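*Asks:* Sequence and predicted structure, then a few things I'm wondering about:
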Amino acid sequence: MKITMAHGSGGKETSELIKTIFTKHIGNEILSRQEDSAILQMNGKIAYTTDSFVVTPLVFKGGDIGKLAICGTVNDLLMAGAHPQYISAGFIIEEGMDFELLETIVISMAESAREAGVKIVAADTKVINGNGGIYINTSGIGFIPDDRILSVENCKVGDCVILSGDLGDHHACIYSSRMGIQNDISSDAMPLCKLVDALFDNDIKVNCMRDVTRGGLATILNELSEGSKCAIDIDENSIPVGDATAGLCSILGLDPLFMGNEGKFVAIVSPEHALKALEILHSTPGGENAAIIGKISEGKGVKLTTKIGGKRLLNVLYGEGLPRIC
Amino acid sequence: MRNFDRILDYLKNYSGRPLKIMEVCGTHTSAIIKGGIRELLSDKIKLVSGPGCPVCVTQQSYIDALIKLSRKSGTVIVTYSDMLKVPGSTSSLSMAQAEGSRVKMIYSPLDILPEAIENPDITYIIAAIGFETTAPVYCLMLEEIISKGIQNIRFLTSIKKIIPALELLCADDIDAFIAPGHVTAIIGSNAYVELSGKYKKPFTVTGFTSENIVISLYNLVHMVESGRYAVDNIYKSVVNATGNLKAQSILNKYFVVGDAYWRGIGRILQSGLYLREEYRMYDVGSFELVGNEDVDTLCSCGEVITGKIQPSDCAFYGNACTPFNPLGPCMVSSEGACGVYYINKG
Amino acid sequence: MCVATVGLIESIDGRIASVNIKNNILRVDIGIVDAKVGDYVLVHAGCAIEVVNRELADEIDSLYDEIEAAFNA
């Protein structure tokens, strides 16, 4: 069965769609009131973010657009030091989309929301002309505990840069699918709650965090360098990259430093806590390959010491990070 | 001290006469940047980019022809991603795609065969660029096309031979050449012997690891210092003196040599490969492009890829010409010498 | 001008080999090399352009010795 323009008209077909797919899987006491707005009680400082998801293919190893839509927004809240609480989800569905595929995506969102401990409290669907695709926007709210003050301005010379795991798996997974290259590379999409909570629960002095999404590590570190008005020195030898992803990069001429991830972050940590932070991440699911990859220093820009001791200035990603032949 | 440390020490402390060494191949340019190798060398050793980047030397009229073909209904342009943003005279494949042209990005042109067989009413035009490394792939494709009777695949070729371009460069003030490892796997290291002897310039056939490139530089500087003009091969695992004879044979079967136009350099005699007449029904006008001269007066890419200037010496570098708005192919994202330079120097 | 990488031929079907590059399996045309299962090949744009001779692997110390020998000769 396929989605048609009638499913977006606001009439009977729309309410059937909402009941059989959305309320069934992502329903909760707030959403099922079916009011025009969710009524939420807020005290204290909140973090608020939004993101839109347009990935193709819609389903890939390790996840789908639905999982990304929840994890992406949850992770942005976590990076601000917030406990993620509430998510809104807007769906723009192209007519011709397969009902079963839509349900798979929504189930995936429900699972990811449960894993992240968030509720989807507001949702909307629209149907447009097209070829069976889907675009999802999510926004999210989280509460920031008083003792969590994260800001790029807190980063200071001597702080350690910790990366939570292998680079490039999500981007590698998507390109493998698009270019028809067979491997077991899975997207690393996951909510980072356990890893972030583990650091704070163990009183690690985290000054700033960023998730390593579009543009890759090089782009994120440049943002941190600019925001902190410091240089960031990193060591190529300490950057973790999975073997299969490294292999794919060698086939397609890709560079893991510029490849997107959906379940990795950098934490800028005071030096006296860095080793403990690393130990904690290693013993938390998802952080087994975490590594201290460098430090904040005087100056500006992001400088990489290469495997043979050369020096390379890392800039942000230019272009789209596409495969190369030359 | 480890041997590699001795090599690094020598290169850092080299104090002989200033040397200009050319990294012929675009993949070497990339690898040198990735390895941070320039920073390991004495100021007296200058590395310059070469014309071994098929995207950089493809003439503007080729891009224009591809764009025109892409606008025909029932046509799909099949290309490597490197070509998407290269500017033609008014547009690019990427812009044409945004306007509705069908452009398919592939890792290997061979990947399109099943789709072409399934869609006989669509014409698939292969943007067949490259040097001798990539040319055999198109030959293998032709073998499949002919044996399976596939009627809906065509080629627009811009295939260049590296030796004629190197001959021009040997006559210039380049002291030594990092010879491209993968092209040489096909053509054999003997291909450089005549040039090396005639112009008294050393060549070292080099692989693509940082270590191999550093060792190559060590070898080249030694050769210049000792007046030994020879062709050495330090990529023996895949390169031998005579090359891949099967590849050379298949190239000869399907292609004939002709003059070619190199963007920024001009016409170089006998430097291009074109489908032989008996296979030209699979071609969509590659031979007719040879005569088209670029009206490209703004771009200094030609001087960059012949080692005459560094990217930052170009008047437009970093202001009118950036990866966001490239005036020429060398600045297209991370594929060309200027793009690599800009992205990594800031 | 040539992004290429090395992989191991795991099986061959006619002119197409299944090549393993760090657990990425590529279908590679081996039409211009003489290769068999168990060989390592250099792969560029879906085509094996050479069989890798691992005994001649380009090892730093042996290359250094060769260069020194040529320099001293």
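*Replies:* Now that the structure is in, tell me what you want to look at. Numbering: from 1, shown residues only, chains lettered A, B, ... in the order given.
*Asks:* which secondary element of chain B has the worst mean pLDDT?
*Replies:* Every helix and strand of chain B was ranked by mean pLDDT, DSSP states H and E. The lowest is helix B:337-345, at a mean of 81.
*Asks:* can you tell me if that one touches chain A.
*Replies:* Yes. Between helix B:337-345 and chain A, judged by C-beta under 8 Å from any C-beta of the partner chain, the touching residues are B:339, B:342-345. Yep, even glycine has a C-beta here, placed from its N, CA and C like the rest.
*Asks:* Got the phi and psi for B:L156?
*Replies:* Main-chain torsions, B:L156, degrees, to the nearest 10: phi -120, psi 110.
*Asks:* just the strands in chain A please.
*Replies:* A:46-53, A:59-60, A:63-64, A:83-94, A:119-128, A:134-143, A:160-163, A:182-183, A:206-211, A:231-235, A:265-269, A:291-297, A:301-305, A:311-314 (DSSP state E).
*Asks:* where do the strands sit along the stretch 201-346 of chain B?
*Replies:* B:203-206, B:231-233, B:255-262, B:266-275 (DSSP state E, counting those that start in this stretch).
*Asks:* Show me the chain divided up by domain.
*Replies:* Since you didn't name a chain, this refers to chain A. Chain A breaks down by automatic domain parsing into domains covering A:5-143, A:152-314.
*Asks:* hmm, I had chain B in mind actually
*Replies:* Under the assignment automatic domain parsing, the domains of chain B span B:3-53+B:163-233, B:56-161+B:243-289, B:301-345.
*Asks:* Between the two ends of the last one, how far is it?
*Replies:* Across domain B:301-345, the straight-line distance between its terminal residues is 18 Å, by C-alpha to C-alpha, to the nearest Å.
*Asks:* So it, near chain C or not?
*Replies:* No. Counting by C-beta under 8 Å from any C-beta, no contacts exist between domain B:301-345 and chain C, the nearest distance being 10.2 Å.
*Asks:* ok so, going back, out of the domains of chain A, nearest to chain B?
*Replies:* domain A:152-314 (2.6 Å; C-beta to the nearest C-beta).
*Asks:* Can you give the distance from that closest one to the centre of its chain?
*Replies:* Its chain's C-alpha centre and that of domain A:152-314 lie 13 Å apart, by C-alpha atoms, centre = their mean, to the nearest Å.
*Asks:* Start and end of that domain, how far apart?
*Replies:* End residues of domain A:152-314 are separated by 19 Å (C-alpha to C-alpha).
*Asks:* average pLDDT for that domain?
*Replies:* Averaging pLDDT along domain A:152-314 yields 96.
*Asks:* mind listing the helices in the chain by residue range?
*Replies:* Answering for chain A, as no chain was given. In chain A, the helices defined using DSSP state H lie at A:12-17, A:24-26, A:65-79, A:99-116, A:169-179, A:193-201, A:216-228, A:243-252, A:271-282.
*Asks:* wrong chain, I was asking about chain C
*Replies:* C:60-72.
*Asks:* what about it, any weak spots by pLDDT?
*Replies:* By pLDDT under 70, the low-scoring segments of chain C are C:1.
*Asks:* doesn't B:L142 make contact with B:Y254?
*Replies:* Yes. Assessed by C-beta atoms under 8 Å, B:Y254 is found in contact with B:L142 at 5.6 Å.
*Asks:* okay, and the common contacts of the two?
*Replies:* When contacts are counted by C-beta atoms under 8 Å, 6 or more residues apart in numbering or on different chains, B:Y254 and B:L142 are jointly contacted by B:Y279.
*Asks:* just how off-centre is the least confident helix or strand of chain B within its chain?
*Replies:* Relative to its chain's centre, helix B:337-345 lies at 17 Å (C-alpha atoms, centre = their mean).
*Asks:* who does B:W262 bridge with?
*Replies:* Counting by DSSP bridges, B:W262 is bridged to B:G266.
*Asks:* Show me the residue at the heart of chain B, geometrically.
*Replies:* Geometric centre of chain B, nearest residue: B:C53, 2.5 Å, by C-alpha atoms, centre = their mean.
*Asks:* That one and A:A246: what is the separation?
*Replies:* In this view, B:C53 and A:A246 are 24 Å apart by C-beta to C-beta, to the nearest Å.
*Asks:* can you check A:E111 too?
*Replies:* Per C-beta to C-beta, A:E111 is found 30 Å from A:A246.
*Asks:* Among those two, which residue is more densely surrounded?
*Replies:* Shown here are A:E111 and A:A246; by other C-beta atoms under 10 Å in any protein chain shown, A:A246 has more neighbours (19 against 15).
*Asks:* Tell me which residues touch the nearest residue to the more buried one once chain neighbours are set aside, please.
*Replies:* Closest residue to A:A246 apart from its sequence neighbours, by C-beta to C-beta, 6 or more residues apart in numbering or on different chains: C:K22 at 6.1 Å. C:K22 is in contact with A:243-244, A:246-248, A:250, counting by C-beta under 8 Å, 6+ apart.
*Asks:* about what we covered before: Throw the strands of the stretch 201-346 of chain B into JSON lines and include mean neighbour count, thanks.
*Replies:* Converted to JSON lines, those look like this (neighbours: other C-beta atoms under 10 Å in any protein chain shown):
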{"stretch": "strand B:203-206", "mean neighbour count": "29"}
{"stretch": "strand B:231-233", "mean neighbour count": "23"}
{"stretch": "strand B:255-262", "mean neighbour count": "20"}
{"stretch": "strand B:266-275", "mean neighbour count": "19"}
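*Asks:* Save the ones you listed as JSON lines, and put in mean pLDDT and distance to A:E236 too.
*Replies:* As requested, those are exported to JSON lines (pLDDT from 0 to 100; distance: least, C-beta to C-beta, whole Å):
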{"stretch": "strand B:203-206", "mean pLDDT": "98", "distance to A:E236": "21"}
{"stretch": "strand B:231-233", "mean pLDDT": "97", "distance to A:E236": "28"}
{"stretch": "strand B:255-262", "mean pLDDT": "95", "distance to A:E236": "35"}
{"stretch": "strand B:266-275", "mean pLDDT": "95", "distance to A:E236": "38"}
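*Asks:* Those into TSV, with extra columns for distance to A:A123?
*Replies:* Output for these, formatted as TSV (distance: least, C-beta to C-beta, whole Å):
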stretch	distance to A:A123
strand B:203-206	58
strand B:231-233	64
strand B:255-262	57
strand B:266-275	57
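*Asks:* For A:T125, find the nearest of those strands.
*Replies:* Taking C-beta to C-beta, strand B:266-275 is the member of the strands of the stretch 201-346 of chain B nearest to A:T125, at 52.9 Å.
*Asks:* CA atoms only: put the closest one into CSV for me.
*Replies:* The C-alpha coordinates for strand B:266-275 follow below in CSV (Å, rounded to 0.1, in the frame of the first residue of the first chain):
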residue,chain,number,x,y,z
GLY,B,266,47.5,24.0,-25.1
ARG,B,267,47.8,21.5,-27.8
ILE,B,268,50.4,18.8,-27.2
LEU,B,269,51.2,16.6,-30.2
GLN,B,270,50.4,12.9,-30.0
SER,B,271,49.3,13.2,-26.4
GLY,B,272,45.8,11.8,-26.6
LEU,B,273,44.0,8.5,-27.1
TYR,B,274,41.0,8.3,-29.3
LEU,B,275,38.8,5.4,-30.2
